[in-house]
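Participant: generate coordinates for the sequence data below:
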Amino acid sequence: MQNQTLKLPESFIKILVNLPESGMGYQIVKVILKSGKILHKHKVLNSELLIMEPTENIKASDIEKIELESVKFA
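Facilitator: A predicted model of the protein is given here:
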């Protein structure tokens with residue numbers, strides 16, 4: 001199965017554009033849904049495209065908040 005992408009609303013893009021990148025052209029984020037579910041370590045490309053697992057079926061309207069994930073290196 002192939003990963004899905006979700007174009008984020010402009011309100012989230014404006015926030016992410018001002019945050020540091022985790023790597024070249026992407027950010028690792030925590031997605032907090034309105035249902036209370038939290039999706040950890042998801043990639044956002046160019047501050048606008050959320051990469052989701054094939055089994056995840058969420059819409060932009062389901063998202064409450066997006067934050068940078070603190071990634072620790074061993």
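Participant: which residues touch the one helix or strand His42 maps to?
Facilitator: Element membership for His42, per DSSP states H and E: strand 38-45. With contact meaning CB atoms under 8 Å, 6 or more residues apart in numbering, strand 38-45 is reached by 5, 8, 16, 25-33, 50-52, 56, 58, 66, 69, 71. From N, CA and C alone the C-beta is placed, and that goes for glycine too.
Participant: so of the residues you listed, which ones are in helices?
Facilitator: Leu16 (DSSP state H).
Participant: ok, of the contacts of strand 38-45, which come out buried?
Facilitator: Leu8, Leu16, Gln27, Ile28, Val29, Val31, Leu50, Met52, Ile58, Ile66, Glu69 (16 or more other CB atoms under 10 Å).
Participant: show me the contacts for the fourth one.
Facilitator: What that stands for is Ile28. Contacts of Ile28 by CB under 8 Å, 6+ apart are Ser22, Lys41, His42, Lys43, Leu68, Glu69, Val71.
Participant: bridging residues for it?
Facilitator: Bridge pairing for Ile28 (DSSP bridges) gives the partners Lys43.
Participant: and the pLDDT at Asn3?
Facilitator: For Asn3, the model assigns a pLDDT of 88.
Participant: which residues touch the closest residue to it other than its chain neighbours?
Facilitator: Closest residue to Asn3 apart from its sequence neighbours, by CB to CB, 6 or more residues apart in numbering: Ile51 at 5.3 Å. If a contact means CB under 8 Å, 6+ apart, then Ile51 has Asn3, Gln4, Thr5, His42, Lys43, Val44, Leu45 as its contacts.
Participant: identify, from those residues, the entry nearest to Phe12.
Facilitator: Within the contacts of Ile51, the smallest distance to Phe12 is 8.6 Å, found for Val44 (CB to CB).
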